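K.L.:
return a 3D structure for these sequence lines:
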Amino acid sequence: MKKLVLKKASDNYVKDRIGYKVQYSELLNPSQYAAVMHNNGAALVVAGAGTGKTRILTFRLSRLVEDGIPPESILLLTFTRKSSAEMLRRASLMLDGRCEKVSGGTFHSFAMTILRQYASQIGYDNTFNVIDSADAEDTINLLRTQMNLATNKKRFPRKETLERIFNLTTNRLMNIEDVIAKDYPFFIEDTESIARLFVEYKKYKKDHNVMDYDDLLLNLLKLLIEKEAVKKELTKKYRYVMVDEYQDTNRLQHRIVLNLVNEFENVMAVGDDAQSIYSFRGAEYRNILEFPKSFKKCETFFIEENYRSSQPILNLTNTIIGASPFKFEKELFTKRLNGELPKIIISEDERQQSVFVAQQILELREMGIELEDIAILFRASYLSFDLEIELSKANIPFKKFGGFKFIETSHVKDLLAFFKIAYNPRDIISWNRILNLIDGVGPRKSQKIIEEMQKMNFINLTKMNFNTAGKENDYVKGLFYLVDKIALKKLSVSEKSAFVTEYYQPLFKSKYDDWQKRWKDIEVFANITERYKSVADFLNDMAIEPPVESVFDIGEESKEDEFVTLSTIHSAKGLEWKAVFLIWALDGRFPSSKSSDDIDALEEERRLFYVALTRAKEELYITFPTNIFDRESGTILSKPSQFLDGIGDDIVDKYTLVNFEENTN
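P.N.:
Numbering: from 1, shown residues only. Have a look, this model is predicted:
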């Protein structure tokens with residue numbers, strides 16, 4: 001009898017088996033399928049723009065659960081809570097409710113969860129508060145003043161700059177001296193003082209049981225490196241780790257990922273090196289390029305079939321990103337072979353550029369493309385000001401992305417401060433914020449009150465005696481009673497919010513002339529508190545993933561059903577439209593003249609250019625005015641973006657605008 005020898009099954013690859021509920025091989029293209037079926041060991045998925053990156057993560061989550069992996073042992077790290085929630089929702093719809101038990105969230109929310117359990121092992125109470133950038137700046141400014149660092153020097157960096165220096169130092173895992181030398185060379189003579197301030201800032205946070213956003217990640221890494229028992233517990237719990245948008249990770253996040261992986265190295269990173277555009281936040285594009293070298297064995301998958309853009313648009317984007325010296329080699333393609341060539345439009349000046357864009361939008365509208373399917377993208381927000389005027393003249397409704405974030409408005413920060421001191425009485429930053437709301441309490445009196453509270457170890461504050469008489473003392477005593485009340489566990493978060501609002505309302509009305517307009521946010525705040533059962537969960541979410549938009553400083557809503565989108569390219573990442581206009585593709589504007597002497601900065605500008613172009617599905621217009629005087633450099637800008645150098649007529653159509661009067665003569 002003949003023998004039939006079975007092939008040895010690979011540990012790194014599984015095939016559709018009988019019994020899978022989801023038919024993976026039928027629903028995915030071959031390259032997507034290969035990535036989804038990767039089983040054990042490290043893997044990097046290089047997914048180009050529009051190739052279905054989210055689809056790969058969603059299907060792999062489902063496949064792992066179908067293969068019997070406990071969902072609680074799968075960790076999905078993303079950059080927004082919305083994206084992780086959406087992936088888990090899709091996986092649950094495909095498979096079943098087990099996928100909802102997958103541990104998903106942002107790096108910061110995951111760090112918060114772990115630190116709430118283990119913060120005591122690194123010298124914090126588990127009730128630590130998280131301060132945002134504005135509070136961090138105020139703290140730095142307080143210490144800066146106490147250390148007399150700005151007394152004799154006009155050029156000593158402001159609090160915003162100092163906070164940024166500290167942020168980069170932490171996220172890049174660099175020495176503060178190196179950050180100053182690289183990014184802030186004009187403050188080199190102050191390096192020693194800035195370094196001393198950084199030490200005091202870190203000590204202050206620990207003494208008062210608060211962390212800033214960067215501390216969440218840094219302290220998580222500290223736990224993983226210094227506390228072997230914690231690391232062993234976490235790596236045992238999370239058997240499979242998946243990370244989205246890996247090109248946006250900073251060095252700190254990269255180190256966290258490496259330390260979360262156990263000896264089996266079951267980690268999958270998904271991203272696109274060509275879309276790494278956030279170095280100003282500390283993102284390091286080298287993380288994704290060097291990811292395969294970080295493990296004993298790493299399989300790399302290239303996902304190149306694009307489902308968004310026509311082939312003519314992809315031909316242009318492939319050519320532009322292909323000129324980069326720092327990249328994975330890949331070529332996007334699509335089955336949509338036909339389509340209009342991208343158009344380069346040259347105008348005499350800015351106004352002519354604006355007139356063209358407005359007229360072309362109206363023409364596209366007549367061709368059946370809805371306004372909501374049209375976007376105008378630009379390198380920096382100020383570049384659209386003239387165009388906004390022209391759109392208004394043409395009666396074209398538009399919405400420009402930007403404005404205040406809900407959590408950044410001062411009145412919402414006031415409300416949060418009440419909850420922070422009730423949860424963590426040692427949070428002096430929040431105490432100072434609230435005390436300074438009270439008429440008659442300035443910085444000096446606030447400091448005296450806080451010193452008295454410290455002497456009492458922040459206990460029995462209602463029994464404090466005041467050395468001075470005045471109406472403000474009644475408000476301070478009322479504040480102490482309020483804090484005691486909202487610290488009661490028997491009250492719901494929404495009930496506590498009602499007491500806070502009652503106390504805050506007269507202070508709020510006296511502080512803001514436009515309080516009626518701001519009051520809408522107070523109502524939103526109250527509605528949000530109704531969702532929570534504990535102050536801890538409420539503060540966690542407000543710190544990590546707060547609501548984005550504030551109704552304050554937003555004008556009357558447009559009565560139009562549709563509008564054109566105006567957006568910076570950074571804000572447009574991940575979105576798509578049928579027709580896209582990229583304006584101001586002028587050398588000196590895009591790329592910026594500031595990037596000309598730094599190859600890394602220049603190549604990030606190229607990637608940003610690429611991201612803009614890959615937002616377009618059918619129609620792509622690249623415009624720039626010539627003969628523009630640049631006041632900063634004192635030169636005339638007249639050349640198209642260097643990223644368009646060498647682009648042939650077989651890839652783009654090129655037009656020069658002329659006014660109607662000139663064309664008829």
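K.L.:
going by C-alpha atoms from here, please, whenever you check contacts or count neighbours.
P.N.:
OK.
K.L.:
shaky segments in the stretch 501-650 of the chain?
P.N.:
513-514, 517, 545-561, 630-635 (pLDDT under 70).
K.L.:
can you rerun that using 90?
P.N.:
For the stretch 501-650 of the chain, the stretches flagged by pLDDT under 90 are 503, 505-562, 568, 570-574, 588-589, 592-598, 626-639, 646.
K.L.:
what about the strands in it?
P.N.:
For the stretch 501-650 of the chain, strands defined by DSSP state E, counting those that start in this stretch occupy the ranges 564-568, 577-582, 616-625, 628-630, 635-637.
K.L.:
let's have those strands in TSV, adding distance to Met94 and mean neighbour count.
P.N.:
Supplementary listing: these in TSV, determined by distance: least, C-alpha to C-alpha, whole Å; neighbours: other C-alpha atoms under 10 Å:
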stretch	distance to Met94	mean neighbour count
strand 564-568	33	21
strand 577-582	27	23
strand 616-625	27	24
strand 628-630	54	13
strand 635-637	53	14
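K.L.:
take the ones you listed and write them to a markdown table, including distance to Val65.
P.N.:
Converted to a markdown table, the strands of the stretch 501-650 of the chain look like this (distance: least, C-alpha to C-alpha, whole Å):
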| stretch | distance to Val65 |
| --- | --- |
| strand 564-568 | 39 |
| strand 577-582 | 34 |
| strand 616-625 | 34 |
| strand 628-630 | 58 |
| strand 635-637 | 57 |
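K.L.:
for Gly50, which of the ones you listed is the nearest?
P.N.:
strand 616-625 (9.7 Å; C-alpha to C-alpha).
K.L.:
then the closest one to CSV, C-alphas only?
P.N.:
Coordinates of each C-alpha in strand 616-625 appear next as CSV, following Å, rounded to 0.1, in the frame of the first residue of the first chain:
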residue,chain,number,x,y,z
ALA,A,616,-8.7,61.6,-3.3
LYS,A,617,-10.8,58.9,-4.9
GLU,A,618,-11.7,60.3,-8.4
GLU,A,619,-10.6,63.9,-8.9
LEU,A,620,-7.3,65.4,-7.7
TYR,A,621,-6.3,69.1,-8.2
ILE,A,622,-2.9,70.4,-7.1
THR,A,623,-2.7,74.2,-7.2
PHE,A,624,-0.2,76.9,-6.5
PRO,A,625,0.2,80.6,-7.1
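K.L.:
returning to what we had before: so which of the strands of the stretch 501-650 of the chain is nearest Arg426?
P.N.:
strand 564-568 (40.3 Å).
K.L.:
so what touches that closest one?
P.N.:
Residues outside strand 564-568 that contact it (C-alpha atoms under 8 Å, 6 or more residues apart in numbering) are 371-381, 384, 396-401.
K.L.:
which stretches of the stretch 51-200 of the chain form strands?
P.N.:
So, for the stretch 51-200 of the chain - with DSSP E, counting those that start in this stretch - the strands run 74-78, 103-106, 129-131.
K.L.:
biggest helix in this protein by residues?
P.N.:
helix 493-511 (DSSP state H).
K.L.:
buried subset of the contacts of strand 564-568 as a PyMOL selection?
P.N.:
Under the burial definition 16 or more other C-alpha atoms under 10 Å, those of these that qualify are selected in PyMOL by:
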select buried, resi 371+372+373+374+375+376+377+378+379+384+396+397+398+400
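K.L.:
contacts only, for the residue nearest the centre of the chain.
P.N.:
The centre of the chain sits closest to Phe79, judged by C-alpha atoms, centre = their mean, with a distance of 6.4 Å. Contact partners of Phe79, counting by C-alpha under 8 Å, 6+ apart, are Gly105, Thr106, Phe107, Asp244, Glu245.
K.L.:
surely the first one and Glu86 touch.
P.N.:
No - with contacts counted by C-alpha atoms under 8 Å, Gly105 stays clear of Glu86, the gap being 10.7 Å.
K.L.:
the more surrounded of the two?
P.N.:
Taking neighbours as other C-alpha atoms under 10 Å, Gly105 and Glu86 compare with Gly105 leading, 21 against 13.
K.L.:
per-residue pLDDT of that one, please?
P.N.:
Predicted confidence (pLDDT) for Gly105: 88.
K.L.:
coming back round to it: let me have the strands of the stretch 51-200 of the chain in a markdown table, extended by distance to Gly322.
P.N.:
Formatted as a markdown table, these follow (distance: least, C-alpha to C-alpha, whole Å):
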| stretch | distance to Gly322 |
| --- | --- |
| strand 74-78 | 28 |
| strand 103-106 | 32 |
| strand 129-131 | 42 |
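K.L.:
do you know which of the ones you listed lies nearest Arg365?
P.N.:
strand 74-78 (36.7 Å).
K.L.:
for that closest one, enumerate the helices and strands it packs against.
P.N.:
helix 81-94, strand 103-106, helix 107-118, strand 240-243 (3 or more C-alpha pairs under 8 Å, 6 or more residues apart in numbering; DSSP states H and E).
K.L.:
parallel or antiparallel, list what pairs with it.
P.N.:
strand 103-106 (parallel), strand 240-243 (parallel) (DSSP bridges).
K.L.:
and the first one, what's buried?
P.N.:
Neighbour-count burial for strand 103-106, with 16+ other C-alpha under 10 Å as criterion, is recorded at Ser103, Gly104, Gly105, Thr106.
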